[in-house]
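Peer 1: Sequence first, then the predicted structure:
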Amino acid sequence: ILLALLVLTGLGVLGGPVPGPLTVLATPIPSPVASASDAKQRVLILHSYHKGFLWTDNVMRGMESTLASYKDAKLVVMVEYLDTKRHPPEAIGDDLAILLRTKYGHEPPDVILTSDDNALTFMLEYGPGIFPEVPVVFCGVNVFSDKRLRGQTNYTGVLEKFDLKGTIDLALELHPKASNLAVIADSTKTGGLNLTRFHLLAPSYQHRITIHELSDLTTDELLADLKRLPKDTVILNLSFFRDRNGKTYETLEGNALLAAATPLPIYSCWDFYLGSGVVGGRVVSGYMQGAEAAAMAMSILRGADVRAIPILKESPNQFLFDYKPFIQAGLALSDAPSGSIFLNKPTTLYSMYKTQIW
């Protein structure tokens, strides 16, 4: 408006002396000052694993979807992958700390989102030196007690409380004639932790079924053991990403290898296992973990005190099945619990044109 007035005055439209063009251009014009509401807020996402790892990708989708839903927010989102499925965290922690300090130490984020245990452990060890007092929201954490936070008050998040009992009960309910349960666990730290949780639960099933523990094996040993299992066996895959010889597998690659070795039904507690021969289970949703954590982060960015946001200790789990393996296991859709979700369910003409048909 000021510029228009100056131009009109200079042209004589509003009266007064007509200055030369240089006089008009030399007139100082105030620059707009950015208000506090225009400032962008910085979000750092720190994943334990690598891009392409399905669980991490699902968590990321949940985070991105939730952050994008706050359309009035002005965010700068930065993402780092620690890649600890392929590199032991104790071997790369110091180097990662130097890298993150170099990249973000001069302009720290306003809030940090982490996924899975290794990223939380990294932040508890190195975070105070790199990002002092920055609020941290974690998700996908399996091993947790209040003591783990070591008195840090700038942490909250969502626990990955996978429903081991619910998945075993589901498998035995869907296969009432099963008298054997085979449990697969690999040589990773996650596999060992999951197996420990199973050991705590196993005594409550030993009167009903025979348990076969297939853990810390080479790939050849595991495939051979699968082929020798009795026909009345259901399989629970707790983890198969790295065998005893150090050979690593992506999620669907490892699951497909197991499914090809046996016609027996395979169940799991995580949604990202589905899609390569796993029947299903009462699963933890990576997407929901990421979405819940991102919603907490947005509350903090909008002024909430991180200390006032309680840790969500009940994981949002659901009954999830892959249609083809479910049917191949001799099950009918009506056998699934109420509220179950089916992936890859064939689309029929009726379901496509139900309204038009009626």
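Peer 2: Nice, thanks for sending it over. Residues are numbered from 1 along each chain as shown.
Peer 1: Can you give me the pLDDT of the spatially most central residue of the chain?
Peer 2: Of all residues in the chain, the one closest to the mean position by C-alpha atoms, centre = their mean is Val59, 2.4 Å from it. We have a pLDDT of 96 for Val59.
Peer 1: what's downstream of the helix or strand hosting it, the next helix or strand?
Peer 2: Val59 belongs to helix 54-69 when assigned by DSSP states H and E. Remark: after helix 54-69, the chain's next helix or strand is strand 75-81, criterion DSSP H and E.
Peer 1: and that next one, which residues are buried?
Peer 2: Using 16 or more other C-beta atoms under 10 Å as the test for burial, strand 75-81 gives Leu75, Val77, Glu80, Tyr81. From N, CA and C alone the C-beta is placed, and that goes for glycine too.
Peer 1: Let me know the angle separating it from helix 54-69.
Peer 2: Using axes from the mean of the first three to the mean of the last three C-alpha atoms, to 10 degrees, the inter-axis angle of strand 75-81 relative to helix 54-69 is 170 degrees.
Peer 1: partners of strand 75-81 in the sheet?
Peer 2: Using DSSP bridges, the strands paired with strand 75-81 are strand 41-47 (parallel).
Peer 1: Show me what the partner strand is in contact with.
Peer 2: For strand 41-47, contacts defined as C-beta atoms under 8 Å, 6 or more residues apart in numbering pick out 56, 59-60, 63, 67, 73-82, 104, 107-116, 119, 122-123, 297, 301.
Peer 1: From these, list the buried ones, please.
Peer 2: Burial by neighbour count, judged by 16+ other C-beta under 10 Å, picks out 56, 59-60, 63, 67, 75, 77, 80-82, 104, 109-116, 119, 122-123, 297, 301 from the contacts of strand 41-47.
Peer 1: quick one, strands of the stretch 1-150 of the chain?
Peer 2: Secondary structure of the stretch 1-150 of the chain (DSSP state E, counting those that start in this stretch): strands located at 41-47, 75-81, 111-115, 136-141.
Peer 1: TSV please, covering those and showing mean pLDDT.
Peer 2: Output for the strands of the stretch 1-150 of the chain, formatted as TSV (pLDDT from 0 to 100):
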stretch	mean pLDDT
strand 41-47	97
strand 75-81	97
strand 111-115	98
strand 136-141	95
